[in-house]
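Participant: coordinates only, sequence not included:
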């Protein structure tokens, strides 16, 4: 949607955006016309095709991650460059670009730092690119850097039918690993199976989840547990690990994990626990571009599949987040400005 010129500031425009006016549940979300500044030094303006829906948006809206209100929501999107500011090299008007970090993505038109953008290759639709960036780069660093998956690695992947979960299953299998996948229904487990998961566990029916994970691995603990669910699965994830295994807590869709008694790591077998975040694994332009490009090139080559579970107009953003938080979805949800 083309922006309107702001008559009070000829250098700026106004465009519709999803605003968090105050912390709270999804009911606080508002769609407003907001001012979009022209691109300054090192910046470009982008007409947005699609915006990714992520749990980090929920944490920011709720105030778990402190962000001064009001603010334009979301960190992930893709679109077409419509204007380029001074000092920008390598990005031109008409380029298709995507990004995975930085507030303010949920607008019809946004101004972004050029260094935050990843070129979208031919053959990758912009909505797919928007769906791939944050979760794709997250899965990429989880299996390539946080715990380096290799031939024979056994990985526990919770919420394996979700956006990150589906990507983790595919990436672990591509690196020669074995996946024990959990999800909350038979339909969701079928999605994980189709992506290559080796063992399936419905955690909504498990009396002792850790015992079932170990049984699926011949009675042994797993090398690494990828847990984006948090409070509901954290204890079982720890109990599922082999000695010196690694617990990777990268989210908390069921709630935040309470403080941990470090002696549990000792008694569990000298375990490792980490709480990584994407920003620390894309701290430089070079690292961000390497991860983002790898994900998009794998999609373009057909090596990585992105499942878009739903598209919502901005006005239905509250429903999108309710669906996400209620764990009623599979794959990736998008907002379409």
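Facilitator: Alright, I've got the coordinates. For clarity, every value in this text was computed on a predicted model and none was experimentally measured. Residues are numbered from 1 along each chain as shown.

Participant: what are the ranges of the helices in the stretch 51-200 of the chain?
Facilitator: Assignment of helices within the stretch 51-200 of the chain using DSSP state H, counting those that start in this stretch yields the ranges 55-62, 126-141, 163-174, 186-194.

Participant: wait, which of those helices is closest to residue 260?
Facilitator: Between residue 260 and the helices of the stretch 51-200 of the chain, the shortest gap by Cβ to Cβ is with helix 55-62, which sits at 19.2 Å. C-beta coordinates here come from the backbone N, C-alpha and C atoms, glycine included.

Participant: Mind giving me the packing neighbours of that closest one?
Facilitator: helix 317-325 (3 or more Cβ pairs under 8 Å, 6 or more residues apart in numbering; DSSP states H and E).

Participant: For the spatially most central residue of the chain, which residues are in contact?
Facilitator: Closest to where the C-alpha atoms of the chain average out (Cα atoms, centre = their mean) is residue 135, at 2.9 Å. For residue 135, the contact set (Cβ atoms under 8 Å, 6 or more residues apart in numbering) comprises 52, 54, 163, 164, 167, 332.

Participant: As TSV, the residues you listed with distance to residue 41 and neighbour count would be great.
Facilitator: TSV is the format used below for the contacts of residue 135 (distance: Cβ to Cβ, whole Å; neighbours: other Cβ atoms under 10 Å):
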residue	distance to residue 41	neighbour count
52	27	31
54	29	25
163	34	30
164	34	24
167	35	29
332	33	30
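
Participant: Tell me the one among the residues you listed nearest to residue 22.
Facilitator: Each of the contacts of residue 135 was checked against residue 22 using Cβ to Cβ; the closest is residue 54, at 20.2 Å.

Participant: How many neighbouring residues does the closest residue to the closest one other than its chain neighbours have?
Facilitator: Counting by Cβ to Cβ, 6 or more residues apart in numbering, residue 54 lies nearest to residue 134, which is 5.5 Å off, once chain neighbours are set aside. Using other Cβ atoms under 10 Å as the criterion, residue 134 is surrounded by 29 other residues.

Participant: Residue 77 too?
Facilitator: Under the neighbour criterion other Cβ under 10 Å, residue 77 is assigned a count of 32.

Participant: okay, who's weakest in the contacts of residue 135 by pLDDT?
Facilitator: Between the contacts of residue 135, the one the model trusts least by pLDDT is residue 163, at 88.

Participant: thought that residue was touching residue 332?
Facilitator: Yes - using Cβ atoms under 8 Å, residue 163 is in contact with residue 332, at 4.3 Å.

Participant: Pull up the overlap in contacts between those two.
Facilitator: Counting by Cβ under 8 Å, 6+ apart, the residues touching both residue 163 and residue 332 are 131, 135, 307, 309.
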